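Student: fold the following and give me the result.
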Amino acid sequence: MAATERGLYAPATTRNRGLGTPTVADLNNWSKLVAEFNALGGKVKNVLCRRCPHGQGLFVIDPSKQVEIDIPEKLLVQSEHVALLDGYPCIVGDVELPDGYIGWFHSYQKQFGWTEQTRASLDKFERGLTQLPVQSLRMLESMGLLNLEHRHQGPWQDVIFRQYVHTRSLLYYGRRVIIPIADMVNHHPLARPYQIFSGVRIQGLFHDEVLTCYNESDPLGRFFNHGFPSAEPKAYSYPAALPIDRDQRRAHIPPEHHGYRISASAMTQERADHAKHKRIEAVALARGHNSSHRHYSGCDLNELYDDVHRINHYQLCQLFDSLSGFQSPCAKGLRQAIIYQLKALDRCVRVIVY
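Tutor: Prediction:
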């Protein structure tokens, strides 16, 4: 979503909490686009687009009244029907849309979506990934988190545009769709998610900035998918799948590393009291059956959690240390994401077992 434009490396809880004041031209453009969007069948009430030092976001006009952002199904466009034409995202192909919507969509993208600042921020992040240490890139690829050869296929403009479309869209009943205006709402991991029913909606009372939870992810996934570190409440296991049988898991379990600590002064990794706080979400894969949640009890659960925690903790510490000495914004952002991942790992971890 538009978060890639607004504070790539700032924590999600602090991005855009701030000071920008829109110009008269911004206000006029915004008011015109909102009026046209509402006339086309959408609904945008009590929000204003505000430009800030870190980019832009949506802010409440009157905190005593409800915010309403409603993109009905008829205004949702599948991402494969959006392409760059004459330098800007346009709707292409055989798509049934209300009269005037294609022109409105182009104006919106030109003024508030595919802006020069957006392109520069996306470019900075993608180039930052290529400048990460070779050892870090190899580890990330082995974890299934980043494959630059695949991610950066084709002309560079196409690379940037693909990432733009990904961050400005969401899954809607199995289809990835663009959600204009709602795509400018910033992410917070504890905010209410988008309401998806006959369209996409954000509704409620907000004190200042309108925030939503984009989707379920973990800190590392959020960093590579949306371009910023975020303190997500749970971690996914890397590797994602592990044998339920402990003898088979031994090949994945690293050597004992009690006392292993991250060497950065900003973070001392303390071993949590797992007995009080640990939680594991195990998804069991049964041959010939669909995935299903399986509940474990007693020593089986404790043993599974301890092994998953050890495997992931060791790998994350190695990844963190591989970034030592690298001070690029991307390396700093990844280090912060790893710290968030370690903290989430001590709270709740999801793993597929077989």
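
Student: what's the neighbour count on Arg175?
Tutor: By the measure other Cβ atoms under 10 Å, the count of residues near Arg175 is 12. (Each C-beta comes from the backbone N, C-alpha and C, glycine too.)

Student: dig out what it forms beta bridges with.
Tutor: Tyr172 (DSSP bridges).

Student: quick one: it and His81 touch, right?
Tutor: No: applying Cβ atoms under 8 Å as the test, Arg175 and His81 come out as separate, 10.5 Å apart.

Student: quick one: average pLDDT of the longest helix belonging to the chain?
Tutor: Criterion DSSP state H: the longest helix present in the chain is helix 298-322. For helix 298-322, mean pLDDT is 88.

Student: which positions in that helix come out as buried?
Tutor: By neighbour count on 16 or more other Cβ atoms under 10 Å, the buried set for helix 298-322 is 304-317, 319-320, 322.

Student: show me the shaky parts of this protein.
Tutor: Along the chain, segments meeting pLDDT under 70 span 1-25, 52-55, 256-278, 284-299.

Student: just to revisit the earlier point, for the helix or strand that the longest helix of the chain is followed by, name the packing helices and strands.
Tutor: Remark: after helix 298-322, the chain's next helix or strand is helix 329-345, criterion DSSP states H and E. Contacting helix 329-345 under the criterion 3 or more Cβ pairs under 8 Å, 6 or more residues apart in numbering; DSSP states H and E are the following elements: helix 116-130, helix 219-226, strand 235-242, helix 298-322.

Student: in a markdown table, list these along with distance to Gly41.
Tutor: As requested, those are arranged in a markdown table below (distance: least, Cβ to Cβ, whole Å):
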| stretch | distance to Gly41 |
| --- | --- |
| helix 116-130 | 26 |
| helix 219-226 | 29 |
| strand 235-242 | 38 |
| helix 298-322 | 46 |
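
Student: just the strands in the stretch 151-300 of the chain please.
Tutor: Along the stretch 151-300 of the chain, counting by DSSP state E, counting those that start in this stretch, strands occupy 169-172, 175-178, 186-187, 195-196, 199-204, 211-212, 235-242, 280-284, 292-293.

Student: pull up the pairing partners for the fifth one, direction included.
Tutor: Strand 199-204 sits in its sheet next to strand 67-72 (antiparallel), strand 195-196 (antiparallel), going by DSSP bridges.

Student: among those, which is nearest Arg350?
Tutor: strand 195-196 (21.6 Å; Cβ to Cβ).

Student: now find how far off-centre that closest one is within its chain.
Tutor: 17 Å (Cα atoms, centre = their mean, to the nearest Å).

Student: quick one: contacts for Leu220?
Tutor: Counting by Cβ atoms under 8 Å, 6 or more residues apart in numbering, Leu220 touches 145, 236, 238, 337-338, 341.
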